[in-house]
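Q: Attaching a predicted model along with its sequence, questions to come.
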Amino acid sequence: MLTLTVVVRGLAAASLAVLPLTIPAPAHAAETLPLAEAVTSLPVDSESRDGYNRDAFRHWNTGDDPSDGCNTRAEVLLSEAVEPPLVEPGCRLTGGRWWSYYDQMWVTPASGLDIDHMVPLAESWDSGASAWTAQRREAYANDQGAETSLVAVTARSNRSKADQDPAEWLPPAAGVHCRYVAEWVATKLRWSLTADETEVTALREMAADCPDRTVTYELAP
């Protein structure tokens, strides 16, 4: 009987030792902060573009659903379409209608749109992504885990923005500046990216003009 008890206890202990390895890590809870407080949560550091290469961020990949035959760009377009396009073989999108909030314009067809990285790839490199693995940079460049990370906008507005931060560029539609700044801050917090002094100063000034705006973000896995 003693031998059996020891064996049973040994098996139970072994099961407990293995159990934590089979339980997935809990997802990070979303956090909501007033915009001004969210800005103060950004880690402040100098920026460097040394060694930057856009090819260090693989995109567009096969997207969230590799079985649908659409890449990340197409999946974002389908997700943000106000009037859904027809999806033809090879994930060719025909028709459809989109609202570009940067410049308050309706856009059709899909070829008139760019998918903007809310925090541009070059800016993310400057702000911490230079130290990431290639896999994490790919995850960042194709991030559909937060609605604000990638946004379909007119090609003209996206190319006007280029790699500039809010101290240097804001959407041409003044009425969306509070939204844009909140989404910028949310993306930086989601990916634990830093901001330089000039950027933070501009964000603080803008936050003061947006007292009712909040920032909701969830840390990237």
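A: Received the coordinates, thanks.
Q: For the most centrally placed residue in the chain, which non-adjacent residue is closest in space?
A: With the centre of the chain defined as its mean C-alpha position, the nearest residue by CA atoms, centre = their mean is S149, 2.8 Å away. Leaving aside its sequence neighbours, S149 sits nearest to D143 (CB to CB, 6 or more residues apart in numbering; 4.0 Å). Where C-beta positions appear, they are placed from N, C-alpha and C, glycine not excepted.
Q: Need the pLDDT of the one you found.
A: As predicted, D143 sits at a pLDDT of 98.
Q: What residues does it make contact with?
A: By CB atoms under 8 Å, 6 or more residues apart in numbering, D143 lies in contact with 149-150, 220.
Q: Tell me who's in contact with D45.
A: Residues touching D45, when contacts are defined by CB under 8 Å, 6+ apart, comprise 127, 194-196.
Q: Any chance of those residues in TSV with distance to A182 as columns?
A: Listed next are the contacts of D45 as TSV, based on distance: CB to CB, whole Å:
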residue	distance to A182
S127	17
T194	18
A195	14
D196	19
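Q: ok, and the most crowded of those residues?
A: Across those, neighbour numbers were computed from other CB atoms under 10 Å; A195 holds the maximum, 26 neighbours.
Q: Could you tell me the per-residue confidence at it?
A: We note a pLDDT of 98 for A195 in this prediction.
Q: Correct me if wrong: it contacts G128.
A: No. Assessed by CB atoms under 8 Å, A195 is found out of contact with G128, at 10.1 Å.
Q: one step back: ok, so what distance separates the residue nearest to the centre of the chain from L193?
A: S149 sits 12 Å away from L193 when distances are taken as CB to CB, to the nearest Å.
Q: shared neighbours of those two, which are they?
A: With CB under 8 Å, 6+ apart applied, the overlap between the contact sets of S149 and L193 consists of T187.
Q: next SSE after the helix or strand of the chain with the lowest mean pLDDT?
A: Lowest by mean pLDDT, DSSP states H and E among the helices and strands of the chain is helix 2-22, with a mean of 40. Moving toward the C-terminus from helix 2-22, the next helix or strand (DSSP states H and E) is strand 31-34.
Q: in that next one, what's buried?
A: Judged by neighbour count (16 or more other CB atoms under 10 Å), strand 31-34 contains these buried residues: 33-34.
Q: So what's the model's average confidence on the helix or strand just after that strand?
A: Using DSSP H and E, the next helix or strand after strand 31-34 towards the C-terminus is helix 35-40. Mean pLDDT, computed over helix 35-40, is 98.
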